[in-house]
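Trainee: Turn this into a model:
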Amino acid sequence: MITIAVDCMGGDHGPRVTLPACRQFLLQHPDAHLLLVGLAEPLQSFVHPRATVIAASEVVTMDDSLEVALRRKRNSSMRVAIHQVKDGHAQAAVSAGNTAALMAISRHLLKTLDGIDRPAIAGQIPNAKGRATTVLDMGANVDCTAEHLLQFAVMGASLVSVLSGEDNPSVGLLNIGEEAIKGNEVIKKAGELLRAAAQAGDLNFIGNVEGNDIFKGKADIVVCDGFVGNVALKASEGLATMIVDFLRAEFSRNLLTKMAAVAASPVISALKKRMDHRRYNGGALLGLRGLVFKSHGSADELGFGFALTRAYDAARNDLLQRVQARIAHAAPLLASTELIVLPESSPSSSV
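Mentor: Purely as a prediction, here's the structure:
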């Protein structure tokens, strides 16, 4: 039985979205058990043999500061949900609440893995190959060092290898050009560290990638700081919505376009499904001593359900243990402060 703790109060919609999503999730996963955490009154109507309600007296709002969320609201639904993971009552926690608060509380309660300075949010963006590119960080760390980006790459490779079955997923470093000489000093140094990691056999680093390469699926994992990653995520969601809205408007203009829409319906439906960002909802907070997943705050029932499913899949596939093993293997590299810098002509730096 896979047990997941759910912060039912988080996000823009709270129980109006989380509870229906939880009910549907339980129908689809007969080996799952949910710990529903939140204010007693909104949750009292939820009755299911594989769901347990855990009362919390406070809610972390989207506007709460870290001081309020971490120090003052000690019985918030977010904190109580993460505590279920810490105490071993749940294998993962899911919340659509305040991202900064979720990261701070998770890091405070669960602590980071050895060799990891900062946890990162790993999310997915659909690509032209019909799959998804894993991007991290997506908003947890706005300012990053080159060493942080190396850690993100190791954690991202662990995640993708577990969930996709690929033993050696490819890693790209997001930059303004493919050439190794491009980018600011942090990116240049990160490229050196990643090439050294490839030389040591810890990563399949293919070099720099550009923004459009995320959508082409050029690399399985793309590494960047949280500011850039979050912008890329929101831009992709906006683009997908714009394309779908444009097609809907164009095909409803007159009788001829309506007839064309009927003929093209299977193709349009497939495109909408592939580009639907709700299907990729649920970012993993990697680098912690426990599994925590972040749903979009604006997620609807379908989107939150996918976040629950990602947490379920991660727990079922022993993601935490396998990430720990991969990080342990790369420990000498992560701990080193005098890594060998490979020449730019090295095959491992080519794209």
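Trainee: Mind picking out the helix or strand in this protein with the poorest mean pLDDT?
Mentor: helix 255-275 (a mean of 63; mean pLDDT, DSSP states H and E).
Trainee: Toward the C-terminus from that one, list the very next helix or strand.
Mentor: strand 283-286 (DSSP states H and E).
Trainee: mean confidence for that following strand?
Mentor: For strand 283-286, mean pLDDT is 91.
Trainee: Distance from the chain centre to it, please.
Mentor: 5 Å (Cα atoms, centre = their mean, to the nearest Å).
Trainee: Would you mind listing where this structure has pLDDT under the threshold?
Mentor: Low-confidence segments of the chain (pLDDT under 70): 237, 239-241, 243-248, 250-252, 254-277, 336-351.
Trainee: what residue is smack in the middle of it?
Mentor: Closest residue to the average C-alpha location of the chain: residue 283 at 2.0 Å, with Cα atoms, centre = their mean.
Trainee: got the contact list for that one?
Mentor: Residues in contact with residue 283 (Cβ atoms under 8 Å, 6 or more residues apart in numbering) are 121, 122, 123, 138, 293, 294. Where C-beta positions appear, they are placed from N, C-alpha and C, glycine not excepted.
Trainee: I'd like those written out as TSV, with neighbour count and secondary structure added.
Mentor: Listed next are those as TSV, based on neighbours: other Cβ atoms under 10 Å; DSSP: H, G, I helix; E, B strand; the rest coil:
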residue	neighbour count	secondary structure
121	27	strand
122	28	strand
123	26	strand
138	28	coil
293	26	strand
294	28	strand
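Trainee: tell me the two of those that are most distant?
Mentor: Spanning the widest gap among those are 138 and 293, at 12.2 Å by Cβ to Cβ.
Trainee: burial of the residue lying closest to residue 11 once chain neighbours are set aside, as a residue count?
Mentor: Closest residue to residue 11 apart from its sequence neighbours, by Cβ to Cβ, 6 or more residues apart in numbering: residue 96 at 3.0 Å. Applying other Cβ atoms under 10 Å, we find 32 residues neighbouring residue 96.
Trainee: repeat for residue 328
Mentor: 13.
Trainee: And for residue 181?
Mentor: Residue 181, neighbours per other Cβ under 10 Å, totals 9.
Trainee: same deal with residue 200?
Mentor: So residue 200, with other Cβ under 10 Å, has 15 neighbours.
Trainee: Quick check, residue 298 in contact with residue 17.
Mentor: No: in this structure residue 298 lies outside contact range of residue 17 using Cβ atoms under 8 Å: 9.4 Å.
Trainee: The stretch 151-300 of the chain: strands as residue ranges?
Mentor: Taking DSSP state E, counting those that start in this stretch as the criterion, the stretch 151-300 of the chain carries its strands at 170-174, 204-209, 221-223, 283-286, 291-294.
Trainee: any idea which of those strands is most buried?
Mentor: strand 221-223 (a mean of 30; mean count of other Cβ atoms under 10 Å).
Trainee: Hmm, residue 210 is touching residue 175, no?
Mentor: Yes: look at residue 210 against residue 175 with Cβ under 8 Å: they come within range, at 6.8 Å.
Trainee: Residue 104 versus the residue lying closest to residue 294 once chain neighbours are set aside, what's the distance?
Mentor: Using Cβ to Cβ, 6+ apart and skipping residues adjacent in sequence, the residue nearest residue 294 is residue 283, 4.7 Å away. Separation of residue 283 from residue 104 (Cβ to Cβ, to the nearest Å): 16 Å.
Trainee: Sticking with residue 315, tell me its helix or strand.
Mentor: Judged by DSSP H and E, residue 315 forms part of helix 301-316.
Trainee: Distance from that helix to the middle of the chain?
Mentor: The answer for helix 301-316 is 11 Å, by Cα atoms, centre = their mean.
Trainee: For that helix, list every residue counted as buried.
Mentor: For helix 301-316, the neighbour count (16 or more other Cβ atoms under 10 Å) marks 301, 303-315 as buried.
Trainee: Now render these as TSV, adding distance to residue 225.
Mentor: Formatted as TSV, the buried residues of helix 301-316 follow (distance: Cβ to Cβ, whole Å):
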residue	distance to residue 225
301	32
303	25
304	27
305	30
306	25
307	23
308	28
309	28
310	23
311	25
312	29
313	27
314	24
315	28
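Trainee: and of these, the nearest to residue 31?
Mentor: residue 312 (9.0 Å).
Trainee: Do I have it right that the closest one meets residue 30?
Mentor: No: Residue 312 is not in contact with residue 30 according to Cβ under 8 Å; the separation is 11.6 Å.
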